[in-house]
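Colleague: sequence first, predicted coordinates after that:
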Amino acid sequence: MIYAVAALIALSVTGLVLLAGQLIPAEPEMIRRLRTMSGAEAVGAAERRRREVQAARLAELLSALGTRVQGDGDRPSKTRRVLIAAGFFGPGAVPVFYGARIVAAVLLGLLFLAGAPALVNYLSLPQPLIVVIGLWGAALGWVAPTFLLVARGNRRRGEMLRALPDALDLMVVCVEAGLGLNQALQRVADEVALISPVLGEQLGLLTLEMRAGTPREDALRNFATRTDLDDARSLVTVLIQTDRFGTSVAQALRIHADTLRTKRRQRVEEASAKTAIKMLFPLVFCVFPALFIVILGSGILQAIKVLGGL
């Protein structure tokens, strides 16, 4: 069985090497000619173009693999929402994601299979566990991209959540200075990108949708869907109701900005209140034992020495 597994690993590695050779071609003749010239900027542009072509080829390959497994129904829509929250807005992001899961499952499965015989022999385990370890590696490779996407989405949401009250304060200033809502959103998108590129990107997409002819209400709802934040949804609700009923935008934004600042202060107070509880377990299980050993260790050894003599 070990020989069969080794042969399977060798064939798989050979296929992956051939695939990598197809995805990473040799240096084109144009770049070699440019290297002989003094135009470093042209060389850099050609290098970037070559990397873009390779990335496009890799994306096409992953998309072709992912299209076979993504299926229909609600699963692609849920995956689409996770990808949007992580910052991947392209129309082909879902099949590329599934293709990446397949590649990660194959690579980790082969890696676990390659290291399983040594582990089994060292621990004197049954030989069929080699296949089980390989399957565990494949399962880990299948679920790992999802965890990475979720972590990336949480990080982006946290950044937007911290910057949203400041962006809303700036929007209040812009509206009270006489700018329209669309112009205020564009100005806020340019300014807030300095402290939160993610929120600046989302606001920039919002303004681009409205420029392209999307109704303001639909564009605002799309912004709330992309950000996936309760504060953004409440802001969108305020803006839509203000636009429908014709009330003062500046006054509504100012009241909402005060609410967001209060919520941010409450979140900080909540996090600070949790600090003592979070520090309890490291202190009890890590710091206190070492501290007791340093303080009482010499005394305990001396007491054992004295009592042992008695």
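Modeller: Here it is on my side, so go on. Quick caveat: nothing in here was measured; it's all calculated off a predicted structure.

Colleague: how does this structure divide into domains?
Modeller: Taking automatic domain parsing as the reference, the chain has its domains at 2-154, 157-265.

Colleague: centre of the chain to the shortest one, how far?
Modeller: Same thing as domain 157-265. 23 Å (CA atoms, centre = their mean, to the nearest Å).

Colleague: distance between the ends of it?
Modeller: 17 Å (CA to CA, to the nearest Å).

Colleague: what pLDDT, on average, does that domain get?
Modeller: The average pLDDT within domain 157-265 is 88.

Colleague: again with stretch 131-139
Modeller: Per-residue scores along stretch 131-139 average to 84.

Colleague: what ranges do the helices span in this protein?
Modeller: 2-23, 29-35, 40-70, 74-86, 93-123, 129-176, 181-192, 197-211, 216-227, 230-245, 249-282, 288-309 (DSSP state H).

Colleague: okay, the ones you listed in a markdown table with mean neighbour count next?
Modeller: Placement of C-beta: from N, CA and C, glycine included. A markdown table is the format used below for the helices of the chain (neighbours: other CB atoms under 10 Å):
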| stretch | mean neighbour count |
| --- | --- |
| helix 2-23 | 12 |
| helix 29-35 | 13 |
| helix 40-70 | 14 |
| helix 74-86 | 15 |
| helix 93-123 | 18 |
| helix 129-176 | 18 |
| helix 181-192 | 19 |
| helix 197-211 | 19 |
| helix 216-227 | 18 |
| helix 230-245 | 16 |
| helix 249-282 | 13 |
| helix 288-309 | 10 |
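
Colleague: so where is the stretch 1-150 of the chain shaky, pLDDT-wise?
Modeller: For the stretch 1-150 of the chain, the stretches flagged by pLDDT under 70 are 1-76.

Colleague: my guess is residue 263 meets residue 231, correct?
Modeller: Yes: if you go by CB atoms under 8 Å, residue 263 and residue 231 touch, sitting 7.1 Å apart.

Colleague: ok, back up a step: for residue 302, find the nearest of the domains of the chain.
Modeller: The closest of the domains of the chain to residue 302 is domain 2-154. By CB to CB, the value is 42.1 Å.

Colleague: does residue 206 really touch residue 218, like I thought?
Modeller: No: look at residue 206 against residue 218 with CB under 8 Å: they stay out of range, at 10.7 Å.

Colleague: list the contacts of residue 183.
Modeller: Counting by CB atoms under 8 Å, 6 or more residues apart in numbering, residue 183 touches residue 174.

Colleague: how far away is it from residue 273?
Modeller: Noted for residue 183: a distance of 41 Å to residue 273, by CB to CB, to the nearest Å.

Colleague: same question for residue 148.
Modeller: Distance, residue 148 to residue 273, using CB to CB: 31 Å.

Colleague: ok, residue 244 next?
Modeller: Note on residue 244: its distance to residue 273, by CB to CB, is 40 Å.

Colleague: and residue 156, by the same measure?
Modeller: To residue 273, residue 156 is 26 Å away according to CB to CB.

Colleague: likewise for residue 301?
Modeller: Applying CB to CB, the value for residue 301 to residue 273 is 42 Å.

Colleague: cool, and residue 303?
Modeller: Residue 303 is 42 Å from residue 273, where distance means CB to CB.

Colleague: same question for residue 117.
Modeller: 52 Å.

Colleague: also residue 112?
Modeller: Residue 112 is 43 Å from residue 273, by CB to CB.

Colleague: ok, residue 195 touching residue 163?
Modeller: Yes: the pair residue 195 / residue 163 is scored as a contact, 5.5 Å apart, by CB under 8 Å.

Colleague: that older thread, between the domains of the chain, which gets nearest to residue 294?
Modeller: domain 2-154 (36.2 Å).

Colleague: tell me the contacts of the residue lying closest to residue 231 once chain neighbours are set aside?
Modeller: In space, and not counting its chain neighbours, residue 231 is closest to residue 164: 5.5 Å by CB to CB, 6 or more residues apart in numbering. For residue 164, the contacting residues are 199, 229, 231-232, 235, 260, by CB under 8 Å, 6+ apart.

Colleague: one more time with 10 Å, if that's ok
Modeller: 192, 196, 199, 202, 227, 229, 231-232, 235, 257, 260, 263-264 (CB atoms under 10 Å, 6 or more residues apart in numbering).

Colleague: separation between it and residue 100?
Modeller: Using CB to CB, we find residue 164 at a distance of 31 Å from residue 100.

Colleague: equivalent analysis for residue 117, please.
Modeller: The gap separating residue 117 from residue 100 is 28 Å, by CB to CB.

Colleague: chain center to stretch 77-94, what's the gap?
Modeller: Taking CA atoms, centre = their mean, one finds stretch 77-94 lying 11 Å from the centre of the chain it belongs to.
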